[in-house]
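**Student:** pasting a predicted model and its sequence here:
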Amino acid sequence: MWTFRESLICSLLFGSAFGFLGNGDTFRRKVSLELNPGLKPPSSLPPGAVLVHARGLGLNDTLHFLLCNRGAPALLLVHTNSTESAVRLDWPEFINRSSSGSLRVEPESSVTYSSALVFTRLWEYDDVNNTADPQKTAESSFYPPYELQNFIWSDLNGTVNQSDHMITLCGREKSESFLNGSLCLKFSVFESAGREQAWPSLLHNGNSSQLRVWLEGVTPRGNDSRFALEFQSVGDSGFQGRVDVRSSIDDEYTPSIFKVSQWVSFPLNSSGAWGFSQWKPVAYRKPEPVFEDATPCRHSPLVSVSRVPPSALVRAYFRDDLQIHGLNISFGIDKDPVFYSDTRYVSWTVLIGMGEPPADAFSTLIIIIIAVGLGTPLAIIIVGGVFVWVRKRVTHGSVYEPIN
């Protein structure tokens, strides 16, 4: 009886667990990556500048991701309801003036949603009070910001991975601080659901791309320097944005981090997300971090921006009547004894995509732990109850009854 009931309970628990896991995201896209689509001599981009086009073909739609480092580096997402949509560039116009309309996705009637994420400035401030909060830092403690539109970008030699759909862009400013340093962006596009092994191991799917941003080797302008990254979201006027922070009880993939932040874009007459930027509030102080190398990060309140960011990609694609918002991501925590000067490295990762942001579910390990944690007491209660019931029956059956 004992063995049968234990087996039954374990079968039910593990069957439910693996049944739950079997309902994962199986959606796939066919992804291709190309550089400077349609660019032919005599037209040419300035040295180091590049326009990357990643195309994700679905069953009845297409996702276009365009990354460009001319001006402030920007990532443009365009979704169409056609499998035949294509990117068209008027290269002379794009190179000379980046005039509106020099970049299009055709047929234009197939475009259902478009938005861009633009990295505009890198802020450095002297955190003399060790608050790791730019909002609480005196204006006099800020150094002049690094304008990313003025960065000089390295050639792409050895930084393009066609098979894994990845490309890395590294740039620097014309100053002594960046003499041996750089700011890099690693862009990845995904065919289906999964995670990168490297922390923070964000959950991605076929509707998303990823940017890993890191600052390395830059000479700080103060002993207590900390940094913050400014970026802006650009979209059509029919959409608005908000930043949500969600909690989780599972930190298996990102140790000690139980929250995820997501900047979602949704129509004025709806609350459902059409596009998103998602990140976990953590940064890392080493390229191959261990647990001790993690440091929290925080975002500032979302603000409305009136000026179009200085990105060639944004100015070439979008027309008038835009919705532009901005925020900062700052790295560090109150009373943190480690400053940027101690490691001269900090990295942060953000996921950019269409639709609802991916939501973490319980992993196999967590489900097994929960199953064992709940199943063991339940098994003891059931077996104990059966034992008491059988004992009473046996005792009751052996009582002597006198004959009348």
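**Tutor:** Nice, I can see it.
**Student:** per-domain residue ranges of the chain.
**Tutor:** Per automatic domain parsing, the structural domains of the chain span 2-23+364-397, 34-354.
**Student:** pick the most deeply packed of those.
**Tutor:** Scoring these by mean neighbour count under mean count of other Cβ atoms under 10 Å gives domain 34-354 as the most buried, with a mean of 18. For the C-beta atoms, the positions are set from N, CA and C on the backbone; glycine is no exception.
**Student:** in the stretch 251-400 of the chain, which spans are strands?
**Tutor:** Secondary structure of the stretch 251-400 of the chain (DSSP state E, counting those that start in this stretch): strands at 259-267, 275-279, 282-284, 294-299, 303-304, 322-331, 345-354.
**Student:** need these in a markdown table with mean pLDDT and distance to Pro145, can you?
**Tutor:** Below are the strands of the stretch 251-400 of the chain laid out as a markdown table (pLDDT from 0 to 100; distance: least, Cβ to Cβ, whole Å):
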| stretch | mean pLDDT | distance to Pro145 |
| --- | --- | --- |
| strand 259-267 | 94 | 21 |
| strand 275-279 | 97 | 21 |
| strand 282-284 | 97 | 19 |
| strand 294-299 | 96 | 17 |
| strand 303-304 | 96 | 16 |
| strand 322-331 | 96 | 10 |
| strand 345-354 | 98 | 16 |
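**Student:** picking up where we left off before, which of the domains of the chain has the lowest average pLDDT?
**Tutor:** Lowest mean pLDDT of the domains of the chain: domain 2-23+364-397, a mean of 57.
**Student:** all the helices of the protein, residue numbers only.
**Tutor:** With helices called from DSSP state H, the chain shows them at 2-21, 91-96, 312-317, 340-343, 364-397.
**Student:** pull the CA atoms of the fourth one into CSV?
**Tutor:** These are the backbone C-alpha positions of helix 340-343, laid out as CSV (Å, rounded to 0.1, in the frame of the first residue of the first chain):
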residue,chain,number,x,y,z
TYR,A,340,33.9,52.4,-11.4
SER,A,341,37.6,53.1,-10.9
ASP,A,342,38.0,49.8,-9.1
THR,A,343,37.2,47.6,-12.1
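**Student:** does anything pack onto that helix? Which helices or strands?
**Tutor:** For helix 340-343, the elements it packs on are strand 225-236, judged by 3 or more Cβ pairs under 8 Å, 6 or more residues apart in numbering; DSSP states H and E.
**Student:** who does the strand it packs on pair up with?
**Tutor:** In the sheet, strand 225-236 lines up against strand 111-126 (antiparallel), strand 322-331 (antiparallel) (DSSP bridges).
**Student:** closest to Leu35 out of the ones you listed?
**Tutor:** Set against Leu35 and scored by Cβ to Cβ, the strands paired with strand 225-236 come closest in strand 111-126, at 18.9 Å.
**Student:** can you name the residues bridging to the nearest residue to Ser141 once chain neighbours are set aside?
**Tutor:** Leaving aside its sequence neighbours, Ser141 sits nearest to Asp126 (Cβ to Cβ, 6 or more residues apart in numbering; 4.5 Å). Note on Asp126: beta-bridge partners by DSSP bridges are Ser225.
**Student:** okay, how far is it across stretch 191-201, tip to tip?
**Tutor:** End-to-end span of stretch 191-201 (Cα to Cα, to the nearest Å): 16 Å.
**Student:** ok, now how distant is Gly194 from Leu202?
**Tutor:** 10 Å (Cβ to Cβ, to the nearest Å).
**Student:** and for Cys297?
**Tutor:** Per Cβ to Cβ, Cys297 is found 14 Å from Leu202.
**Student:** likewise Phe231?
**Tutor:** In terms of Cβ to Cβ, Phe231 sits 17 Å off from Leu202.
**Student:** got a list of what the residue nearest to Gly194 when sequence neighbours are not counted touches?
**Tutor:** With Cβ to Cβ, 6+ apart as the criterion, Gly194 has its nearest non-adjacent residue at 6.3 Å, and that residue is His204. Applying Cβ atoms under 8 Å, 6 or more residues apart in numbering to His204 gives the contacts 190, 193-196, 210, 351, 353, 358.
**Student:** how about Pro310, what does it touch?
**Tutor:** 71-72, 120, 149.
**Student:** actually Leu117, not the one I typed
**Tutor:** 74-75, 211, 231-234, 277, 350, 352.
**Student:** try it again with 10 Å
**Tutor:** The contact partners of Leu117, taken as Cβ atoms under 10 Å, 6 or more residues apart in numbering, are 67, 73-77, 209, 211, 231-235, 263, 275, 277, 309, 311, 314, 350, 352.
**Student:** again with Ser163
**Tutor:** Leu33.
**Student:** now the one 3 residues further on
**Tutor:** The contact partners of Met166, by Cβ under 10 Å, 6+ apart, come to 33, 54, 159-160, 186-189, 210, 212.
**Student:** for the residues you listed, which one is nearest Gln240?
**Tutor:** For the contacts of Met166, the nearest to Gln240 is Gln210 (24.4 Å; Cβ to Cβ).
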